[in-house]
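K.L.:
return atomic coordinates for the entry below.
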Amino acid sequence: GKEAKMSAAQIANAKRPRVPVTFRVSCELTEVGQTVIVMGGHEEMGEWNPLAALPMDTSNTTWPIWECTVELPAGDLCEYKYAVGVPTDFIKDQYNVVHWEGHMGNRYFKIPRKPFEVLDSYVEPDTDEGNIADHMPPSFVHMHRTDSSECLLDPEYVF
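P.N.:
Below you'll find the model as predicted:
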């Protein structure tokens, strides 16, 4: 059979070097059983779907610093935002958002060509929900979805 041809853009993307980016955020707003999660526009960061967000780790010795490392394509703009989540009942490593951080707008940085560390402070939300990520109007935050493969965004919101 014929192999599917990749577009020039797909080939360029596949060849781009990926660099480990470590996100560290200081957050004291979690309660027992809650986890800080980070999500963003990249596929590796859940494409703004909270159910595909990256859970962050902390420990007795490192709290209140939460961290996780993900490989991202060098040269891209990484847009991201933190939230506090609780595990869903049905699938491991899926989280429902308890509240988004109060940071106005999305955070972002340009991904460099060598390993990179981001150090942030979680912004306490002014409201119970915090400021939902710009790309995701509140109506799109479906907390009861079991199928994370189904895209939650309408086409007009996909960038």
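K.L.:
ranking helices and strands of this protein by mean pLDDT, which lands last?
P.N.:
helix 8-15 (a mean of 69; mean pLDDT, DSSP states H and E).
K.L.:
quick one: name whatever helix or strand follows it.
P.N.:
Counting by DSSP states H and E, the next helix or strand C-terminal to helix 8-15 is strand 18-26.
K.L.:
tell me the helices and strands packed up against that following strand.
P.N.:
strand 35-40, strand 65-73, strand 77-87, strand 116-121 (3 or more C-beta pairs under 8 Å, 6 or more residues apart in numbering; DSSP states H and E). No exception for glycine: its C-beta is placed from N, CA and C like everyone else's.
K.L.:
which parts of the longest one are buried?
P.N.:
Yep, that's strand 77-87 we're talking about. Within strand 77-87, the residues that qualify as buried are Cys78, Glu79, Tyr80, Lys81, Tyr82, Ala83, Val84, Gly85, Val86, counting by 16 or more other C-beta atoms under 10 Å.
K.L.:
what of the second one?
P.N.:
Neighbour-count burial for strand 65-73 flags Ile65, Trp66, Glu67, Cys68, Thr69, Val70, Leu72, Pro73 (criterion: 16+ other C-beta under 10 Å).
K.L.:
how much space separates the residue nearest the centre of the chain from Val97?
P.N.:
The residue lying closest to the centre of the chain (C-alpha atoms, centre = their mean) is Met39, at 0.9 Å. Distance from Met39 to Val97, counting by C-beta to C-beta, to the nearest Å: 9 Å.
K.L.:
quick one, phi/psi of Val123?
P.N.:
phi -90, psi 120 (degrees, to the nearest 10).
K.L.:
touching, it and Trp100? I think so.
P.N.:
No: here Val123 lies out of contact with Trp100, judged by C-beta atoms under 8 Å, at a distance of 9.4 Å.
K.L.:
so these two - more neighbours on which side?
P.N.:
Trp100 (25 against 19; other C-beta atoms under 10 Å).
K.L.:
Ala83 versus that one, what's the distance?
P.N.:
5 Å.
K.L.:
next up, the contacts around the residue nearest to the centre of the chain.
P.N.:
45-50, 52-54, 80-81, 83, 133 (C-beta atoms under 8 Å, 6 or more residues apart in numbering).
K.L.:
next: Asn96.
P.N.:
Asn96 makes contact with Pro50, Leu51, Gly85, Val86, Pro87, Thr88, Met143 under the criterion C-beta under 8 Å, 6+ apart.
K.L.:
contact partners for the nearest residue to Lys110 once chain neighbours are set aside?
P.N.:
Closest residue to Lys110 in three dimensions, ignoring its sequence neighbours and counting by C-beta to C-beta, 6 or more residues apart in numbering: Leu77, at 5.6 Å. Taking C-beta under 8 Å, 6+ apart, we find Leu77 in contact with Tyr108, Phe109, Lys110, Ile111.
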